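>>> Coordinates for the following, if possible.
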Amino acid sequence: MSASPEPPGTPGLASRVPALVILLLCATLTVMAGATIAPSLPGIAAHFETQPGGAALVPMILTVPGLAIAIAAPLAGLLADRTPKRRVLLTGIAVYVIAGSSGLYLDTIGLITFGRLFLGVAVGAIMTSAMALIADLFDDAERGRILGYQAAAMSFGGMSFIMAGGFLADLHWRGPFAVYLAPLLLIPFIFAWVPYGPPAAKLPETDAPKGAFPWAFTAMIGVAAFANFFTYFTIPLKLPFMLRDMGIESATLAGSAIALLTFSSGIVSLGFGRISTLAPAPLLAALAFLIASAGYALLSLQPPVPVVFALMVLIGCASGIVLPNATTWLYTRVPPAMRGQAAGLMTMAVFTAQFLAAPFVLLIDPLGGIGGVYMTTAFIALLTALFYIIVDRRLRQGDAPGNL
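Residues are numbered from 1 along each chain as shown. As a prediction, this is how the structure comes out:
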């Protein structure tokens, strides 16, 4: 059977492989933005405990980039549909390096938080442009597998950066901020291998529905992205403190547990091309959230450390299904000229969830402790699973996404 012809203007395979490698490395920067400093949170909290607002702002420096991303990503998506995507990507990386490393030299929690806001703007540009470039470079037959690779790259990169963050946090709480200098190494390779990226409006059309942007369909899928990362981010926020309460002071161990979560997610995402053939997208989402719900419920019992590590594997496997499933499902209906906007909205959902995870933890922790945080998280995952079971049933009955 002959390979399907490439769309006009699509680069050949030889040029796409190096570009894909670089774009996958760029994808790792999104996870690195938040979770890298998670093992440092206890040290940061101790350093800034006497500063006004320190107790409230310390968890926010982990998640405040999400607020900036939620605002910047849709705008970056619109920009990527109208200007060369590579330009958006390079600008994002430059801001990322400067803002991300600000914790190395700033010494007030307020200024560090401000730097994290700019880091979020950079991540919005990077994630949106990289996702849209991948969608431009690969057709429908390849895209599910490639987006699985992207999710895996995010997980494996996150694992590496989190473990590095744990090691550096044991040396000094500022150590993990040095990791944000790493993307400087990507810049020459982006110039060499990543296509300049004409606006998506100049790309050939596909069989995806044309006309107005599919808002209802995008919102339906965005629920999965939001719920997955909202629940997921309670782990880097509270797990280091849970382990400390259990008498385990090692930031390296906390970083290793969180890294195992992301590693498990990456392994499953690598195989998403095959997993996607097992069931329709809404049922895959429902299954993933049912698994995650069970994992969070067991974590709420604050079990022994070996069980905690096993639960990181379970929850990570569930998360590894959700993101590639959501993005692949989304691009089945979004026309090429709107891919940047779609990527921006998906990014907004992901990082709005990340930002809201911190106030959620601050609200629930005084009422029910760490156990209450994870039991509530389990309930949210369960509700999301039920939502997608209903979606699957309605779609099988022939309802349009806008009528769900």
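>>> Flag the shaky bits of the chain, pLDDT-wise.
Along the chain, the parts satisfying pLDDT under 70 run over 1-15, 34-35, 140-141, 158-159, 162, 197-211, 399-404.
>>> What's the first helix or strand after the one helix or strand residue 262 maps to?
For residue 262, the enclosing helix or strand under DSSP states H and E is helix 251-270. Going down the chain from helix 251-270, the next helix or strand is helix 272-275, by DSSP H and E.
>>> by contact count, what packs against that following helix?
helix 140-171, helix 305-331 (3 or more CB pairs under 8 Å, 6 or more residues apart in numbering; DSSP states H and E). Backbone N, C-alpha and C define where each C-beta goes, glycine included.
>>> I'd like those written out as CSV, with distance to residue 88 and mean neighbour count added.
Converted to CSV, the helices and strands packed on helix 272-275 look like this (distance: least, CB to CB, whole Å; neighbours: other CB atoms under 10 Å):
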stretch, distance to residue 88, mean neighbour count
helix 140-171, 17, 22
helix 305-331, 18, 23
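>>> is it possible to export the ones you listed to JSON lines including distance to residue 254?
Shown next, in JSON lines, are these (distance: least, CB to CB, whole Å):
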{"stretch": "helix 140-171", "distance to residue 254": "6"}
{"stretch": "helix 305-331", "distance to residue 254": "10"}
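>>> follow-up on the earlier one: so the helix holding residue 262 versus helix 140-171, what angle?
Angle, helix 251-270 to helix 140-171, by axes from the mean of the first three to the mean of the last three CA atoms, to 10 degrees: 180 degrees.
>>> residue contacts, residue 70?
In this structure, residue 70 makes contact with 124, 348, 351, 352, 355, judged by CB atoms under 8 Å, 6 or more residues apart in numbering.
>>> three-state assignment of the residue nearest to it when sequence neighbours are not counted?
In space, not counting the residues next to it along the chain, residue 70 is nearest to residue 352; the distance is 4.1 Å by CB to CB, 6 or more residues apart in numbering. Here residue 352 is recorded as helix under DSSP: H, G, I helix; E, B strand; the rest coil.
>>> doesn't residue 227 make contact with residue 352?
No: in this structure residue 352 lies outside contact range of residue 227 using CB atoms under 8 Å: 11.3 Å.
>>> Counting neighbours, go ahead and name the busier of the two.
residue 227 (25 against 21; other CB atoms under 10 Å).
>>> Could you measure from the residue nearest to residue 70 over to residue 256?
Look at residue 352 and residue 256: by CB to CB, to the nearest Å, they are 28 Å apart.
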